[in-house]
Every structure is written in structure tokens, then in C-alpha cells.
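S.K.: Build me a model from this:
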Amino acid sequence: MRVLLFAGKGGVGKTTLAAGTAGALAVSGRKTLVVSTDPAHSLADALDVAVGADPTEVDAGLSACQVDIRALVDGAWEQLRGHLGTVLAGAGVDDVLAEELTVLPGLEELLALAEVARMARRGIWDVVVVDCAPTADSLRLLALPEAVSTYLERLFPTHRRLVRGLLAGLAGDGSSAQRWDEAADAIGRLAERLESLRALLTDPQVTGVRLVLTPERVVAAETRRTVTALTLQGIRVDGLIANRLVPAPAVSARGTAAGWLRTRRREQDAVLAALCSDLPDLPVTTVEHHAAEPVGLPALLGLAGSLGEGAAMLGDARPGVPLLAVEHVGGSGLDSEYVLRLAVSLLDETDPELARVGDEIAVTSAGHRRLITLPSVLRRCVVTGAEVDGAGLLVRFRPDPALWMR
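M.R.: Residues are numbered from 1 along each chain as shown. Model prediction:
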């Protein structure tokens, strides 16, 4: 099973290309689901069919749905929120503060993504194609499983075990103990779901991201930042799709229209050349600008012909480069030197910001932050330097004499 996430700046055509890709995969014999998590759904408009919250077959082998985020919040969250409030109230937290603390950041996007994962794991479809929200929202959505897991871990340390111990000590009667025990179970289940969701997103043999762009400097700049941000989250981008490439006029063509097309095409080619130079490992597929608006499955299939056929549209599901790697580069004992490599492309020497937070390193780049838990050997070390090279970020460590022998 493969999960293909289509992301990009608003208005670049990702819904159209996601729907066309899903249709073409279905035609090739793969049972395919295309699902929209964009709050401003336009998947039904692109397919020109009615699409609801439940998967509906729109053609042989092709199903579609648009996630109803409000229904998910109303149906799935209120009970768990009540459990969290029980825990906080039992721990002596003021009711008003408890109400604020149970409003999890990015909840709606998280539930939408969890719903996609649930559909993918049903095993009914060979491929699940996801039309994501515009880039800023989709980046937040894809980073949420880890962010919310961190939130829960800090609010309720080690979830079930320690929370149970806390509740057992605070329980004044059997009914209270039972409510608190149910809350601990609910928190534990949420933590497990988030971990499962994170594993799905970061498995390069299952999930790949297609970044859709139009060949414009502003859009290309955002695409570069998006590649960096997703890599920082351990999520693999396996291809770029440059949409709406204007046709190049014949050499003999004359007139204002021909001149405009030549100028526009030269600008687009220059943008793509620079992007390919910056991202040499990512394949770039181009889709020409069509005169007719691609609405309805036949038109979408015609558009998808530019994206390849069958297995080529699925991309290469090979294992990705590990995000983190630790190497002992010399010395022994207190004279040892270690290097932590963070394999994130497109980092500028002045771009990444580093901060040591206990047993974690906080890395901020392209406006996105990732807390990285250090391997055990590096927790007893101090940072001595950092540098950027073509393969990513290198952070150098030496043993801390006060901790090394403990």
C-alpha cells in the first residue's frame, strides 16, 4: 500500500493533479482512494461529482471523499477532552486553566490526518492519494503527530504508568478512581495512535510527498523551504510537479502573443533550472498549461498523462536516507569526538538555529522547529561546534567530564 500526499502553495493546481493521479492509478488497475483534507474542499468540483465524508466510488477502481473535520471534532474529541479535564482537575488544576489546557494545538488538522491514516490501514485500497491543505497548513498538519505527542508527554509524563500512579494516590472513592483510570487509558490510546500515525508518515516505503508548484520565483522559494521543513520532520519528498508550463511558440511565430509566450517560457525555464540545481536528487515532472479547464475525470486523465504511467506514478518506494546519524570520529575516553549529522538539504550557513534543551537539540530552519532526542552517548556530551555542508547539518560533541563516567 502507498500513500501519496499532494502539497503546495494555494492555487498551484494540487487538487487537480491529485485527482488526475488517482484516476490514472485506478485506470492502471490499482484500487485507489483520493481524499481531501483541505478545509476549503474543491475535490468534488475537480471530479465534477458529489463527494461526501465517506468514500464513494466515482469510477471503476476509484473512490473519493472529503474529510468532514467538524464532525470528527464533535464526535471523537469531546469524550477524550473530558478525560483530560478529569485528570487535570484531580491534580488540583483550576477549572478555567484545565479548560484551556485541553484545547490541543492543531486539533482539527490532526483529526483529519488520523482519519486518512485510518482509511489507509483498512487495506481496501492499493493507493491513497491525499489532497492536502495549502503549504503552511499542510506543514503544520504533517508535524502535528510529534508535536502533540510531546505536548501530552509533558502534560502527563509517561502517560499511563505515571498518570495511573498519580490518580491512584489522589482517588478519594471508587467512582473517582474509575474515572481517572479511564482517563489514563484514553490518554494512552491517543499516544499510541499518534505514534502509529507518525510511523506511517515517516516510512518512505509507504508515504511520499509530491510538491506541486507553478514555475514562478515566489512559489519556487516556498517549495525550497517546504522541502527543508519536511525533511526536518523526517518526511520524504519524492518528487516535484511543475504545473502550468506555457507552451513554447514555433520559431517562425511572430506577433505580440508569440513574444509574450517566449518571454514567459524563458522565465519559467530559468526558475526550473535553478530549482533542479538546488534539488538535484528530486525528480521534476512538468505539466503544460492547457487552454481548457480540466474538470471531470476524462479531462483529469488527459492532464495526468504528463505524470507517467502505472508504477512510475507511484514513485520509488526505496528506503530514504536516515535523518540522523552518529559517528565517532576520533579519540577515546574524555578525548573522544562525535559528530551528529542531520540530513536536511538546502540549509544555509546562517539559517539553522540550534539550542540544547536537556537531552534534546532544538533545530529551527525555514521557520519550523524540530526537537531531536539525542542518542544516549551524546547526552553525556557538550556541543563544541556546528557546520553546514552539502549533505546537511553537522553538530560536533565532546564528552562532558562531569557526566561521562556516570
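S.K.: buried set for stretch 281-293?
M.R.: Across stretch 281-293, burial judged by 16 or more other Cβ atoms under 10 Å covers 282, 284-287. In this view, the C-beta of every residue, glycine as well, is placed from N, C-alpha and C.
S.K.: doesn't Val67 make contact with Val34?
M.R.: No - look at Val34 against Val67 with Cβ atoms under 8 Å: they stay out of range, at 11.7 Å.
S.K.: Looking at the buried residues of stretch 281-293, which one is closest to Thr373?
M.R.: Leu282 (27.9 Å; Cβ to Cβ).
S.K.: Wasn't that closest one part of a helix?
M.R.: No - Leu282 sits outside any helix when classified using DSSP: H, G, I helix; E, B strand; the rest coil, being coil.
S.K.: who touches it in this structure?
M.R.: 227, 237-240 (Cβ atoms under 8 Å, 6 or more residues apart in numbering).
S.K.: Low-confidence ranges, the stretch 201-350 of the chain, go.
M.R.: Applying pLDDT under 70 to the stretch 201-350 of the chain flags residues 309-312, 316-321, 345-350.
S.K.: Buried subset of the contacts of Leu282 as a PyMOL selection?
M.R.: Restricted to buried positions by 16+ other Cβ under 10 Å, the PyMOL selection for the contacts of Leu282 reads:
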select buried, resi 227+237+238+239+240
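S.K.: Including secondary structure and distance to Ala291, could the contacts of Leu282 go into JSON lines?
M.R.: Output for the contacts of Leu282, formatted as JSON lines (DSSP: H, G, I helix; E, B strand; the rest coil; distance: Cβ to Cβ, whole Å):
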{"residue": "Val227", "secondary structure": "helix", "distance to Ala291": "31"}
{"residue": "Val237", "secondary structure": "strand", "distance to Ala291": "31"}
{"residue": "Asp238", "secondary structure": "strand", "distance to Ala291": "30"}
{"residue": "Gly239", "secondary structure": "strand", "distance to Ala291": "26"}
{"residue": "Leu240", "secondary structure": "strand", "distance to Ala291": "24"}
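S.K.: before we move on, the earlier item: TSV for the buried residues of stretch 281-293, including distance to Phe397?
M.R.: Converted to TSV, these look like this (distance: Cβ to Cβ, whole Å):
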residue	distance to Phe397
Leu282	31
Val284	37
Thr285	41
Thr286	44
Val287	46
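S.K.: Which one of these is nearest to Gly331?
M.R.: Leu282 (37.4 Å).
S.K.: and Trp125, helix, strand or coil?
M.R.: coil.
S.K.: check contacts around it.
M.R.: So Trp125 contacts 1, 31-33, 63, 119 (Cβ under 8 Å, 6+ apart).
S.K.: Out of these, list just those in helices.
M.R.: Met119 (DSSP state H).
S.K.: ok, which pair from the contacts of Trp125 is furthest apart?
M.R.: Met1 and Ser63 (14.3 Å).
S.K.: Tell me which of these two has more neighbours.
M.R.: Ser63 (22 against 15; other Cβ atoms under 10 Å).
S.K.: dump the residue contacts of that one.
M.R.: 32-34, 55-57, 125.
S.K.: Same list, those residues, but as JSON lines with distance to Arg217 and pLDDT please.
M.R.: Below are these laid out as JSON lines (distance: Cβ to Cβ, whole Å; pLDDT from 0 to 100):
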{"residue": "Thr32", "distance to Arg217": "34", "pLDDT": "96"}
{"residue": "Leu33", "distance to Arg217": "35", "pLDDT": "96"}
{"residue": "Val34", "distance to Arg217": "30", "pLDDT": "96"}
{"residue": "Pro55", "distance to Arg217": "39", "pLDDT": "92"}
{"residue": "Thr56", "distance to Arg217": "40", "pLDDT": "91"}
{"residue": "Glu57", "distance to Arg217": "41", "pLDDT": "93"}
{"residue": "Trp125", "distance to Arg217": "38", "pLDDT": "94"}
